[in-house]
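# Sequence first, then the predicted structure:
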Amino acid sequence: MTRYVGRVRVMPRQGLLDPQGTAVEHALAALGFHQVGRVRVGRTLEIALEGGSETEVRGKLQEMCEKLIANPVTEDFSIDAVEVAT
Amino acid sequence: MKVAIVRFPGSNREVDAYRAALAAGNEATLVWHRSTDLENADVVILPGGFSYGDYLRPGAIARFSPVMPAVTRHAHAGRPVLGICNGFQILCEAHLLPGALVRNAQLAFVAKMVTARIESDTTPFTANYRVGQEVRWPVAHGDGRYVADEATLDGLEREGRVVFRYVGTSPNGALRDIAGICNEGRNVVGLMPHPESATDALVGSADGAPMFALTAAQAGVREEGVVHA
């Protein structure tokens, strides 16, 4: 078994109103960051787990996202998994 | 009727629902979320609150509580299930109702009296109202904006499954001003406002009381206690 760290990024669905992103966007503009365009706020989860291969670990993370971590009605997710040096 | 109100860690309106059920002449019982049986209840209510601190998403963790398989069986048997506020969020997360409830459009927690319109009287919980009737109920939520894709929204409208709609400006930016919906079988109803906290004129409105005055016929229970599947 190898140890991995999975990183799951959950973002509000494109096209769905993201009031948190809009609020941060306005605050940045108010602070003088006029370069800022669109801001979206999501969340990142770090999940330590064990697995036989990266493929297997990614599969498990995918399953976790579908079951609990993301709501398919409102959120998209992406998965990354890196091996941890022991 | 025997009404079971499920208490999750973080529920906070369960006693309001309990009292509303009792006041309407029911037998009522509070069921801890770790219980796996609903004590032969005719009606199940998932109350308002902040189950599991709203961690991850409101309702996302509560939907895996040990009691939920029994709630799902109750719903699939065609028996009445009512989700109020956090209970509505849990029913959506559990896929017993379509769509989702997300952060209020204006980002603020909203706690005030609203006016809602009854859009359907063909659910066990709205049978004592008439279509078009306007009611005053409080809302108290930060994540009450109902969303679903266009096809789902059109389906809900076509099938008359939008049960409650906000009158005037919606307090949360809900799509099509939706305050509550029901499932295809019409026995599972979810809404964001709190009818259980509006059952006495003393607190500003008694418009919520009729929701809890279910008769056996409305609850789909035959006199001998056998339930219609």
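Received the coordinates, thanks.

# Enumerate the residues of chain B near chain A.
B:56-57, B:60-61, B:64, B:92-93, B:99-100, B:102-107, B:145, B:147-149, B:173 (CB under 8 Å from any CB of the partner chain). All C-beta spots, glycine's among them, are computed from the backbone N, C-alpha and C.

# switch the cut-off to 6 Å
B:57, B:100, B:102-103, B:105, B:107 (CB under 6 Å from any CB of the partner chain).

# Do stretch A:70-77 and chain B come into contact?
Yes - contact of stretch A:70-77 with chain B (CB under 6 Å from any CB) involves A:71, A:73-74.

# ok, now which ones touch the residue in chain B positioned nearest to chain A?
Proximity to chain A, evaluated over chain B using CB to the nearest CB, is greatest for B:A100 at 4.1 Å. By CB atoms under 6 Å, 6 or more residues apart in numbering or on different chains, the contact list for B:A100 reads A:71, A:73-74, B:92, B:147.

# and if you look at B:H33?
For B:H33, the contacting residues are B:6, B:8, B:65, B:67, by CB under 6 Å, 6+ apart.

# Which one of the residues you listed sits in the busiest neighbourhood?
B:V6 (29 neighbours; other CB atoms under 10 Å in any protein chain shown).

# give me phi/psi at that residue?
As for B:V6, its main-chain torsions (degrees, to the nearest 10) stand at phi -80, psi 130.

# Quick check: beta-bridge partners of it?
B:V31 (DSSP bridges).

# these two touch, right, it and B:L30?
No - look at B:V6 against B:L30 with CB atoms under 6 Å: they stay out of range, at 8.0 Å.

# Most remote residue from the middle of chain A, which is it?
Here chain A reaches farthest from its C-alpha mean at A:G32, the gap being 27.8 Å by CA atoms, centre = their mean.

# Show me where chain B dips below the pLDDT cut-off.
Flagging of chain B using pLDDT under 70 yields the residue ranges B:221-229.

# from chain A, which residue is nearest to chain B?
A:V73 (4.1 Å).

# how close does that residue sit to A:R13?
8 Å (CB to CB, to the nearest Å).

# who touches B:L214 in this structure?
B:1, B:124.

# which element is it on?
Counting by DSSP states H and E, no helix or strand carries B:L214.

# Show me which residues of the helix or strand bottoming out on mean pLDDT in chain A are buried.
Every helix and strand of chain A was ranked by mean pLDDT, DSSP states H and E. The lowest is helix A:19-30, at a mean of 94. Using 16 or more other CB atoms under 10 Å in any protein chain shown as the test for burial, helix A:19-30 gives A:19, A:21-22, A:25.

# ok, which of those also contact chain B?
A:P19.

# that older thread, excluding chain neighbours, what is closest to the residue of chain A closest to chain B?
Spatial nearest neighbour of A:V73, excluding adjacent residues (CB to CB, 6 or more residues apart in numbering or on different chains): B:A100 at 4.1 Å.

# which phi and psi does the residue nearest the centre of chain B have?
Chain B has B:G83 as the residue nearest its centroid, 2.7 Å off, counting by CA atoms, centre = their mean. Note on B:G83: backbone dihedrals following degrees, to the nearest 10 are phi -110, psi 120.

# That one: what's it in contact with?
B:G83 is in contact with B:46, B:91, B:190, counting by CB under 6 Å, 6+ apart.

# ok, of those residues, which come out buried?
The neighbour-count test (16+ other CB under 10 Å) marks B:46, B:91, B:190 as buried among the contacts of B:G83.

# Now distance to B:V167 and secondary structure too, for the residues you listed, in TSV please.
Output for the buried ones among the contacts of B:G83, formatted as TSV (distance: CB to CB, whole Å; DSSP: H, G, I helix; E, B strand; the rest coil):
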residue	distance to B:V167	secondary structure
B:L46	25	strand
B:L91	23	helix
B:G190	19	strand
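
# ok, B:E39 to B:P80 distance?
From B:E39 across to B:P80, the span is 15 Å (CB to CB).

# Remind me which helix or strand the nearest residue to B:R176 once chain neighbours are set aside belongs to.
Once flanking residues are discounted, B:R176 sits nearest to B:L153: 5.9 Å by CB to CB, 6+ apart. Element membership of B:L153 [criterion: DSSP H and E] is helix B:150-158.
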